[in-house]
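**Student:** Please work out how this folds:
(2 chains)
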Number of protein chains: 2
Amino acid sequence: MSGVTMAAEMAEQPVVLSALLERRDRIRSALQLMLPSPLCGATLVARGSSDHAARYARYVFEIAMLRPVSLAAPSIHTIYGARVRCDGYLAVAISQSGRTPEVVRVLREMGEAGAATVAVVNHGDSPLAQAASLVVGLEAGEERAVPATKTFTATLLALAILAEALGPVPWDEADLGRLPDAAEALLDDAAPARRLAERLAGADRVVVTARGLLLGAAEEIALKLRETTGVFAEALSVADMRHGPIAAVTPGVLVVSVSAPGPAASGIEAFEDELSSRGVEVIRIGPAGDLRLPAAMPEALQPVLATIRGQQLALATAQALGLDPDHPAGLTKVTLTH
Amino acid sequence: MSGVTMAAEMAEQPVVLSALLERRDRIRSALQLMLPSPLCGATLVARGSSDHAARYARYVFEIAMLRPVSLAAPSIHTIYGARVRCDGYLAVAISQSGRTPEVVRVLREMGEAGAATVAVVNHGDSPLAQAASLVVGLEAGEERAVPATKTFTATLLALAILAEALGPVPWDEADLGRLPDAAEALLDDAAPARRLAERLAGADRVVVTARGLLLGAAEEIALKLRETTGVFAEALSVADMRHGPIAAVTPGVLVVSVSAPGPAASGIEAFEDELSSRGVEVIRIGPAGDLRLPAAMPEALQPVLATIRGQQLALATAQALGLDPDHPAGLTKVTLTH
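**Tutor:** Numbers count the residues shown, from 1 in each chain, chains lettered A, B, ... in the order given. As a prediction, this is how the structure comes out:
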């Protein structure tokens, strides 16, 4: 059956997350030792799936460090050649392979320009690791399927651990420790995604919505669906939707809505109801959703679990369509953008 | 005929741009007087079309000031209640109406937290104007059609003028002055968009691509098409496309590619050729494109002109579909997200 590799790598996630948690104290201490003072802000450098993890970090870092955080625009460095001064900044680059040339170049230039540099990377001997002062290795093992799964959720956890070194975070000491078991429980519950696969397989337009801390997971779910099934899926924040794109959400569009208990939940539920009343079909990923998330996990850690639900949906939909999600047409594992 | 208001407001753009240029020196001086020292960075606060203008500013500001620039995530302030310290930051909020509650609140909080605050706004007596230390009024006159046109291009010009106060910019003194005439010339050349409208009207998926300085314009063009025609249009950077979404760009998808002479052009042309060779239909907005841009204008100012091409395309496509672009279904002029 197709998707064997992707499924196997998804199944490794609890073990990978557990192993990363064992290095939690060391990672936090290492980051604390290198933080600039005074701290101006932080910037994240990434592409593809890693950019969705960066979106997550953009929220948790800013909430923890209480200084502005940005997503770097690589072309400012690589195409326009601007020499941006980065003293007072923490720069974190994210890449599974550590070999995307523009990501390596931007992190190196930021370090030369004064930033404290960190690489979150699965390949510890990669050019990106060599360009960073601190390397947070995911140690997830080789990822062979083209769609990133275990490296993506491990990256989210690595970024959550880094956030703990930046200031107060919206979760307790014990919550992170419960993530591997929570991931395992979801992975053991693959039937709901298989039941929904038929509906997704028939859709030709999908919008994945969320807000705030879950937006990065929504982006990743949209990309997984797109990579593995070829469906036209995109992610939009609920707030951005209301400023125009909602005009194109008609009953022919399938909406996948991602939510978790927390301050963003009420706005998302109101939006789901509004779409339903307009005849738009909504698949809910959330504590009371079609694809369940555990109600007790803090919102800021739910992106790991919501992503797993999205992986299940993408895998099951690709299989329902008779496609091979391990090797999507037109894609390679390492994308060499400059 | 439908779209009368949108067409009339598009036609006002050269006059609006000229009037804004007359205030250029005053705007630059006012910003220079209030800049923090030392300067940590800048952050932009916006939603909807204004957020696409913010994307443009994210590039030109960083290239000019050589410090990191971020797009604010409003929910960090409004939903998660984080009190982000903003000393050393320039905060620029953008809103046509000046009445989107979350934009007003975020700018006010950033000011209270130490940022130097600027509002780029069409309504000088709005809550957003009251929350800012410096108000850059667009003075574009009332905009009645729901899709922003003259206020959007005026915002781009206002942001370019602000960038001139931040450091060296990639255009000459005279280039800005030539923008109104260049806009007029494009507006007098509406036939090409009408010829392309038929092809767009038949598309159910559109991807608008660009890179770097033109990415904000690509986002705005995608939103215009979506608002006015209901077509499923989205914008993606060429680099991001290669990291996954390209898998869903099959011959059924129409690509609108935006480019201008400059360091990003060769990468975009290679991408256009690659798509064409895969059987994907590409509509080119650029100096040698289906929708022409003047070859002599610097890339950093082309977003104003590329946007006008997109407006023409959206208007003509809506009319070809028998839709009223002045009042798209489900949208209002002021969107009150919190």
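**Student:** Now do the contacts for the closest residue to chain B within the stretch 101-250 of chain A.
**Tutor:** Proximity of the stretch 101-250 of chain A to chain B (CB to the nearest CB) peaks at residue A:243, 3.1 Å away. From N, CA and C alone the C-beta is placed, and that goes for glycine too. Shown in contact with residue A:243 (CB atoms under 8 Å, 6 or more residues apart in numbering or on different chains): B:47, B:48, B:49, B:51, B:335, B:337.
**Student:** Kindly identify which of the residues you listed also come near chain A.
**Tutor:** Filtering the contacts of residue A:243 for proximity to chain A by CB under 8 Å from any CB of the partner chain leaves B:47, B:48, B:49, B:51, B:335, B:337.
**Student:** any idea which helix or strand carries the nearest residue to the third one once chain neighbours are set aside?
**Tutor:** Read it as residue B:49. In this structure, residue B:49 finds its nearest non-sequential neighbour in residue B:148, 4.3 Å apart by CB to CB, 6 or more residues apart in numbering or on different chains. Here residue B:148, judged by DSSP states H and E, is contained in no helix and no strand.
**Student:** Could you check how far residue B:148 is from residue A:156?
**Tutor:** 36 Å (CB to CB, to the nearest Å).
**Student:** Residue A:150 too?
**Tutor:** According to CB to CB, residue A:150 stands 11 Å off from residue A:156.
**Student:** In space, what's closest to the residue nearest the centre of chain A - neighbours in sequence excluded?
**Tutor:** Centroid-nearest residue in chain A: residue A:53, 3.4 Å away (criterion: CA atoms, centre = their mean). Once flanking residues are discounted, residue A:53 sits nearest to residue A:155: 4.3 Å by CB to CB, 6+ apart.
**Student:** Please apply the same query to residue A:177.
**Tutor:** Excluding the flanking residues, the one nearest residue A:177 by CB to CB, 6+ apart is residue A:21, at 6.4 Å.
**Student:** Then residue A:212?
**Tutor:** Spatial nearest neighbour of residue A:212, chain neighbours left out: residue B:75 (4.0 Å); criterion: CB to CB, 6+ apart.
**Student:** In three-state terms, label that neighbour for me.
**Tutor:** Assigned by DSSP: H, G, I helix; E, B strand; the rest coil, the conformation of residue B:75 is helix.
**Student:** Next, the contact list for it, please.
**Tutor:** Listed by CB under 8 Å, 6+ apart, the contact set of residue B:75 reads A:59, A:211, A:212, A:237, A:239, A:264, B:102.
**Student:** do residue A:103 as well
**Tutor:** By CB under 8 Å, 6+ apart, the residues touching residue A:103 are A:45, A:46, A:47, A:50, A:74, A:93, A:94, A:95, A:128.
**Student:** possible to save the residues you listed as TSV with secondary structure, pLDDT and distance to chain B?
**Tutor:** Shown next, in TSV, are these (DSSP: H, G, I helix; E, B strand; the rest coil; pLDDT from 0 to 100; distance: CB to the nearest CB, whole Å):
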residue	secondary structure	pLDDT	distance to chain B
A:45	strand	98	11
A:46	coil	96	9
A:47	coil	91	5
A:50	helix	93	9
A:74	helix	95	7
A:93	strand	98	14
A:94	strand	98	12
A:95	strand	96	11
A:128	helix	98	15
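**Student:** CSV for the residues you listed, including neighbour count?
**Tutor:** Listed next are the contacts of residue A:103 as CSV, based on neighbours: other CB atoms under 10 Å in any protein chain shown:
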residue, neighbour count
A:45, 32
A:46, 27
A:47, 22
A:50, 26
A:74, 24
A:93, 30
A:94, 33
A:95, 30
A:128, 28
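**Student:** more neighbours, residue B:148 and residue A:156?
**Tutor:** Neighbour tally, residue B:148 and residue A:156, criterion other CB atoms under 10 Å in any protein chain shown: the higher count belongs to residue B:148, 30 against 27.
**Student:** Please name every helix or strand in contact with the host helix or strand of the residue nearest to the centre of chain A.
**Tutor:** Using DSSP H and E, residue A:53 sits within helix A:49-65. Applying 3 or more CB pairs under 8 Å, 6 or more residues apart in numbering or on different chains; DSSP states H and E, we find helix A:49-65 packed against strand A:41-45, strand A:69-71, strand A:89-95, helix A:150-164, helix A:215-229, helix B:74-78.
**Student:** Residue A:168 against residue A:60, yeah?
**Tutor:** No: using CB atoms under 8 Å, residue A:168 is not in contact with residue A:60; the gap is 11.1 Å.
**Student:** out of those two, which sits in the busier spot?
**Tutor:** With neighbours defined as other CB under 10 Å, residue A:168 and residue A:60 compare such that residue A:60 has more, 27 against 12.
**Student:** for the helix or strand bottoming out on mean pLDDT in chain A, the distance to its chain's centre please.
**Tutor:** Taking mean pLDDT, DSSP states H and E as the measure, chain A has helix A:238-242 as its least confident helix or strand, at a mean of 83. What separates the centre of helix A:238-242 from the centre of its chain is 20 Å, taken as CA atoms, centre = their mean, to the nearest Å.
**Student:** For whichever helix or strand comes after that helix, give the mean pLDDT please.
**Tutor:** The helix or strand immediately downstream of helix A:238-242 is strand A:254-258, counting by DSSP H and E. Strand A:254-258 shows a mean pLDDT of 96.
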